[in-house]
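Trainee: pasting the structure only:
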């Protein structure tokens, strides 16, 4: 049987056909070939459609951005929440304790060493050094308001046109009062548009301090007077005086703060270790952490310290960190620390 070739320009190739093929047979071959092509195209389209449907089952949304993280402290997005950034630890701690934690504050890496409680939410952003925040990071924050005080006002230009408010926890006179801490707390409540939250926190704080007072009184009923210091090194320290928060807490607990002079604007007077000899034997010395291991060892080796007799014939105790320049939350933390402290020496 002879063979003849039929050329189809549309496919640019040859198809081998038998010599005896009739025109009708050719048309059948053409019809069959067209049907096969149509079926292939249909199957290809179905395959693409099925793949598209499968893709829709995956989450293709962009990663959660800093705005969503900042607004989700309570586990949900709250568009009405006022996002606060505060480089000041006193405001940051009090806002957190109230239940409206700032979305960012500074030096979080050492928060536990100097502030302790309350603990910041894990979502809180660290904006770097409190006194000089990271400008690039600050620019990414979905911040509605800055809450600081005079110590941080120099950095306000970093926040652009974001409004800033100053709230300061400090004594207005020579002796700190309860009002010096309640009034700024109410100011914070007004700034976050929730005065009731602030008022409830003040009431609860006073109850907590009174409860701590009762617990301390049950454990150490004869201790009435305290001196409070924080060591800078083995021989130099700050003694906190009447215009510090220690005056307010001890007064609320029915105790007396013993001081050796009038303090500066930060509520302390610098003294040397030998100056502690001026305190009477009934005054219990409270040492506020942090205290480095090296300084602790040097204190124990000091002949002056040994001569003073703290921990033996004189009462003393070491307290966990509390932010000394803080607000209402620092008052509560200090009272809580006192309620569980272990005193040693003296009449104890």
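Mentor: Received the coordinates, thanks. None of the values given here were measured: they were computed from a predicted structure.

Trainee: For the residue nearest to residue 108 when sequence neighbours are not counted, which residues are in contact?
Mentor: In this structure, residue 108 finds its nearest non-sequential neighbour in residue 126, 3.9 Å apart by C-beta to C-beta, 6 or more residues apart in numbering. Using the backbone N, CA and C atoms, a C-beta is placed for each residue, glycine as well. Shown in contact with residue 126 (C-beta atoms under 8 Å, 6 or more residues apart in numbering): 104-109.

Trainee: buried subset of those?
Mentor: Among those, those classed as buried by neighbour count (16 or more other C-beta atoms under 10 Å) are 104-108.

Trainee: and those as TSV, adding secondary structure, pLDDT and distance to residue 161?
Mentor: Shown next, in TSV, are the buried ones among the contacts of residue 126 (DSSP: H, G, I helix; E, B strand; the rest coil; pLDDT from 0 to 100; distance: C-beta to C-beta, whole Å):
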residue	secondary structure	pLDDT	distance to residue 161
104	strand	97	17
105	strand	97	21
106	coil	96	21
107	coil	97	25
108	helix	97	26
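
Trainee: Tell me which two in these are the farthest apart.
Mentor: Farthest-apart pair in the buried ones among the contacts of residue 126 is 104 and 107; separation 11.3 Å (C-beta to C-beta).

Trainee: Closest to residue 193 out of the buried ones among the contacts of residue 126?
Mentor: Once C-beta to C-beta is applied, the member of these that ends up nearest residue 193 is residue 104, at 19.2 Å.

Trainee: That closest one against residue 140, yeah?
Mentor: No - Residue 104 lies out of contact with residue 140 (C-beta atoms under 8 Å); the separation is 10.0 Å.

Trainee: sorry, back to before: dump the buried ones among the contacts of residue 126 to JSON lines, plus distance to residue 116.
Mentor: Listed next are the buried ones among the contacts of residue 126 as JSON lines, based on distance: C-beta to C-beta, whole Å:
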{"residue": "104", "distance to residue 116": "19"}
{"residue": "105", "distance to residue 116": "15"}
{"residue": "106", "distance to residue 116": "17"}
{"residue": "107", "distance to residue 116": "14"}
{"residue": "108", "distance to residue 116": "13"}
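
Trainee: quick check, nearest of the residues you listed to residue 290?
Mentor: residue 107 (13.7 Å).

Trainee: Tell me the predicted confidence for the spatially most central residue of the chain.
Mentor: Nearest to the mean C-alpha position of the chain, by C-alpha atoms, centre = their mean, lies residue 120 at 3.3 Å. Looking at residue 120, its pLDDT reads 96.

Trainee: can you give me the helices for the chain?
Mentor: Taking DSSP state H as the criterion, the chain contains helices spanning 23-55, 66-70, 89-98, 111-114, 135-139, 179-191, 195-219, 245-252, 293-301, 303-308, 328-340.

Trainee: Could you identify which of the ones you listed is most buried?
Mentor: Mean neighbour count (mean count of other C-beta atoms under 10 Å) peaks for helix 89-98 among the helices of the chain, with a mean of 27.

Trainee: so that helix versus helix 179-191, what angle?
Mentor: Helix 89-98 runs at 70 degrees relative to helix 179-191, counting by axes from the mean of the first three to the mean of the last three C-alpha atoms, to 10 degrees.

Trainee: So for helix 89-98, mean pLDDT?
Mentor: Averaging pLDDT along helix 89-98 yields 97.
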